[in-house]
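> What would the 3D arrangement of this be:
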Amino acid sequence: MKYEITSETRTVAGVVVRRIRGLDGRTGGFVESEANLSQEGACWLHGDSLAFEDAEVSGDAQVYGTVSGRARVRGSAAVHGEVSGDAVVEGRAKVYGVVKGHHVVGGDTVVYGVLD
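Okay, here's the model as predicted:
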């Protein structure tokens, strides 16, 4: 286990999310449940980032923004914007904009705009 869910809450889009805290004491972002952020790998939610609904963050992925819906962020991907719907961000891809719907963003791709 690498983190625990704290009692600090926020409500986002009608969903109650709770802050995470690493077992090393570092503060992380917010999840709806433990299913949103893997306990394996180096994946992490930074600052006030969010992962909720059926979204999953795994591998070594780093999230500084929002992941929601049934979106998946994995590998060494980084999300600074928003990923939602059934979108997948993987590999070394970086999202600074918005990825929605059924898009798959991978490799070394960088998204600055909106993929809807």
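> ok, Gly97 - how many residues close by?
Neighbour count for Gly97, taken as other Cβ atoms under 10 Å: 16. C-beta coordinates here come from the backbone N, C-alpha and C atoms, glycine included.
> Which pLDDT value belongs to it?
We have a pLDDT of 98 for Gly97.
> Okay, it and Glu40: tell me how far apart.
Distance of Gly97 to Glu40, given as Cβ to Cβ, to the nearest Å: 28 Å.
> One more: Gly25?
For Gly25, the distance to Glu40 - Cβ to Cβ - is 20 Å.
> And these two? Which one has more around it.
Each of Gly25 and Glu40 has its neighbours counted (other Cβ under 10 Å); Glu40 has more, 11 against 6.
> What are the neighbouring residues in contact with the more buried one?
Ser58 (Cβ atoms under 8 Å, 6 or more residues apart in numbering).
> ok, residues contacting stretch 42-50?
Contacting residues not belonging to stretch 42-50 are listed as 12, 17, 20, 22, 28-31, 37, 51, 57-68, 73-74, 79 [Cβ under 8 Å, 6+ apart].
> swap the cut-off to 6 Å and go again
12, 28-30, 51, 57-66 (Cβ atoms under 6 Å, 6 or more residues apart in numbering).
> Whichever of these end up buried, select them in ChimeraX.
Buried members of those, defined by 16 or more other Cβ atoms under 10 Å, are picked up in ChimeraX with:
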select :28,29,30,51,57,58,59,60,61,62,63,64,65,66
